[in-house]
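>>> Structure, please.
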Amino acid sequence: MASLELEGIRKTLGKNPILRGIDLAVAEGQFAVLVGPSGCGKSTLLRTVAGLEEPDEGALRIGGKDLTRAAPKDRDVAMVFQSYALYPHLTVRDNLAFGLRLRGAAPAEVDARITEVSDMLRIGALLERLPRDLSGGQRQRVAMGRAIARRPRLFLFDEPLSNLDAALRAEVRVEIKRLHARLGATMLYVTHDQVEAMTLADRLVVLNAGRVEQQGPPLEVYRAPRTRFVAQFLGSPAMNFLPAELSRDGLLAEARDLRIALPERLLEPRSVLLGVRPHDLEPTTGEPDLTLAVDVVEAMGFEAYAHGRVGDSPFVARLDGNARLPSPGTRVGFKVAPRAVHLFDPRSGERLNAP
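Numbers count the residues shown, from 1 in each chain. Purely as a prediction, here's the structure:
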C-alpha cells in the first residue's frame, strides 16, 4: 500500500488545458473515486498517475516519493482498463502470470499467486480458457486478477465497468468493493457513473473542466454540495432548481412564502436559486410550499417519479410507488423539508447556505 499526493498538476493537450491545477491526497488503503462528466479530465489524470502522461506542471508522490517524471515501470502501480486489455492469444492462466513472469518471479511464486487470485475472484474454472471464450464480466475479473497478482502499491481503474450491462455492472461493483475490503489496497477509480462513485468511494472527488470542484466523504458531498454543478451532477434524478427571492421576511419561490428558518446573514434582498432534491419533497393535501403540474409519471415499483413544471421551471418529485399515483394533467402540492433547502448564487453557482 502507498499514499498518493498530487500537487498543482496541470496538463495541456495542444492549446486545450485539460488539468488546471489538481490537488489531491489519497491516504494508504483509501478508495478514492474520480467522477465527473465526459471531458472533465478524469482519464487524463489517471494516466498521469500511471506515468502514461507527463504533467506540464506540478508534483506527484507515491508513498512519499516524488515520481513526477518516473517511468511507468518504476511506479509500482497496476491499471485496470475499460477495454480489459487481455492478451487474446494467451489463456487466463497466462494472462494472470504475464506481469509476474516479466518481473522474473519464480515459477512456484507465480503458481501460488494465480491460485490465490483465482480463488479470490472465483475464476479457477476459467484458467485454461482464452479471452474470446469469456463473458464480459469474466474478462473484467481476469483483468482485475492480473492487477492483483502483481501486488502493486497502488491500483488504478479506468471506467472498468462501462462495457458491461446493468446487471453485470452491479455484480462486478460488489466484487470490487469486496476486493478493496479484503486487500486494504490504495485505489484510484475513474467513472462517470455516480452510482459507482457513491457506492465504492471512501473519498469522492468531483471534477469539472479540469478542476476539483469538491472532494470528501461521498454522503457529505451529496448532502452538502458546495456548488450548483456538484448539486446537479450528483443524484438521479438531478436536483431541481427554481428562481427565488430572499428578503428580510424570508424566502419567496414561485410566489409562495416558504416558511423555512434561514441564518440571519442570508436575510437580505437578493435573487437566488432554490435547489431541492426530488426525494426531499412531501406530498400534501394542505397548504403546499410548491405545486407541481404533472405531465409524466414513471412508476418503478417501490417508488415513482412525477415529472412536470413548477411555474416555468422543469421539476421532478419522488413519490411512494405503493400510493395512488397522480395522472398526467393533474396538480400535486408538496411541502419542502427545511433541511433539504439548498440556496445558490445564480451567477457564481456557489452555495449560500453551506452548513
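
>>> what about the helices in the stretch 1-150 of the chain?
42-50, 92-102, 107-121, 136-149 (DSSP state H, counting those that start in this stretch).

>>> mind checking the longest helix of this structure?
When the chain is parsed with DSSP state H, its longest helix is helix 166-183.

>>> mean confidence for that one?
Across helix 166-183, the average pLDDT comes to 85.

>>> quick one: contacts of it?
Contact partners of helix 166-183, identified using C-beta atoms under 8 Å, 6 or more residues apart in numbering, comprise 31, 120-121, 135-137, 140-141, 144, 148, 157, 160-161, 164, 185, 187, 189, 193, 196, 199-200. C-beta: built from backbone N, CA, C; applies to glycine.

>>> nearest to Leu274, of the helices of the stretch 1-150 of the chain?
helix 42-50 (30.1 Å; C-beta to C-beta).

>>> Got the domain ranges for the chain?
4-227, 233-344 (automatic domain parsing).

>>> Give me the mean pLDDT for the last one.
Looking back up the chat, that one is domain 233-344. For domain 233-344, mean pLDDT is 88.

>>> and after the helix or strand containing Gly275, which helix or strand comes next?
Assigned by DSSP states H and E, Gly275 belongs to strand 270-276. Tracing the chain past strand 270-276, the next element assigned as helix or strand by DSSP H and E is strand 281-284.

>>> chain center to that next one: distance?
29 Å (C-alpha atoms, centre = their mean, to the nearest Å).

>>> likewise stretch 312-330?
So, by C-alpha atoms, centre = their mean, the centroid of stretch 312-330 is 28 Å from its chain's centroid.

>>> Might you report the residue contacts of the closest residue to Ala149 other than its chain neighbours?
Take Ala149 and drop its neighbours on the chain: the residue closest to it by C-beta to C-beta, 6 or more residues apart in numbering is Arg113, 4.5 Å away. Applying C-beta under 8 Å, 6+ apart, we find Arg113 in contact with 96-97, 100, 105, 149, 151.

>>> What about those, which one has the most neighbours?
Greatest neighbour count in those, by other C-beta atoms under 10 Å, goes to Leu96: 28 neighbours.

>>> buried ones in stretch 35-48?
Across stretch 35-48, burial judged by 16 or more other C-beta atoms under 10 Å covers 35-36, 40-48.

>>> Over to stretch 335-344?
335-336, 340-344.

>>> which residues in the stretch 201-350 of the chain form strands?
203-208, 211-216, 240-247, 250-253, 256-258, 270-276, 281-284, 290-299, 303-310, 313-320, 331-336, 342-344 (DSSP state E, counting those that start in this stretch).

>>> could I get the longest one in PDB with only the CA atoms?
Extracted as PDB, the C-alpha positions of strand 290-299 are listed here (Å, rounded to 0.1, in the frame of the first residue of the first chain):
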ATOM      1  CA  LEU A 290     -44.700  24.200  -4.200                       C
ATOM      2  CA  THR A 291     -47.300  22.900  -6.700                       C
ATOM      3  CA  LEU A 292     -46.200  20.600  -9.500                       C
ATOM      4  CA  ALA A 293     -48.200  20.400 -12.800                       C
ATOM      5  CA  VAL A 294     -47.700  16.800 -13.700                       C
ATOM      6  CA  ASP A 295     -47.200  15.700 -17.300                       C
ATOM      7  CA  VAL A 296     -45.400  12.300 -17.000                       C
ATOM      8  CA  VAL A 297     -45.300   9.700 -14.200                       C
ATOM      9  CA  GLU A 298     -42.600   7.000 -14.100                       C
ATOM     10  CA  ALA A 299     -43.800   4.000 -12.000                       C
END
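
>>> Need the contact partners of that strand.
Contacts of strand 290-299 (C-beta under 8 Å, 6+ apart): 242, 253-254, 256, 281, 304-310, 315, 317, 319, 321, 325-334, 336.

>>> Please convert the buried members of those into PyMOL selection syntax.
To isolate the buried ones among the contacts of strand 290-299 in PyMOL, judged by 16+ other C-beta under 10 Å, type:
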select buried, resi 242+253+254+256+281+304+305+306+307+308+310+315+317+319+325+326+332+333+334+336
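
>>> Stretch 316-326 spans what distance, first to last residue?
13 Å (C-alpha to C-alpha, to the nearest Å).

>>> Mind listing residues that contact it?
237-238, 240, 278-279, 281, 283, 292, 294, 297, 299-307, 332, 334.

>>> now stretch 5-20
Applying C-beta under 8 Å, 6+ apart, the contact partners of stretch 5-20 are 21-26, 41, 44-45, 48-49, 53, 55-62, 64, 209-211.

>>> mind running it again at 10 Å?
21-27, 39-45, 47-49, 53-64, 66, 68, 188, 207-212 (C-beta atoms under 10 Å, 6 or more residues apart in numbering).

>>> Only whichever of the residues you listed are buried, select them in PyMOL.
PyMOL command restricting those to the buried ones, with burial defined by 16+ other C-beta under 10 Å:
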select buried, resi 22+24+26+40+41+42+43+44+45+47+48+49+53+55+58+60+61+62+63+68+188+207+208+210+211+212
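
>>> in this structure, which residue is closest to the centre?
Nearest to the mean C-alpha position of the chain, by C-alpha atoms, centre = their mean, lies Ala197 at 2.8 Å.

>>> Report the beta-bridge partners for the residue lying closest to that one once chain neighbours are set aside.
Of all residues not flanking Ala197 in the chain, Val35 sits nearest, at 4.0 Å (C-beta to C-beta, 6+ apart). For Val35, the beta-bridge partners under DSSP bridges are Thr191, Val206.

>>> measure Val35 to Leu100 for me?
Separation of Val35 from Leu100 (C-beta to C-beta, to the nearest Å): 32 Å.
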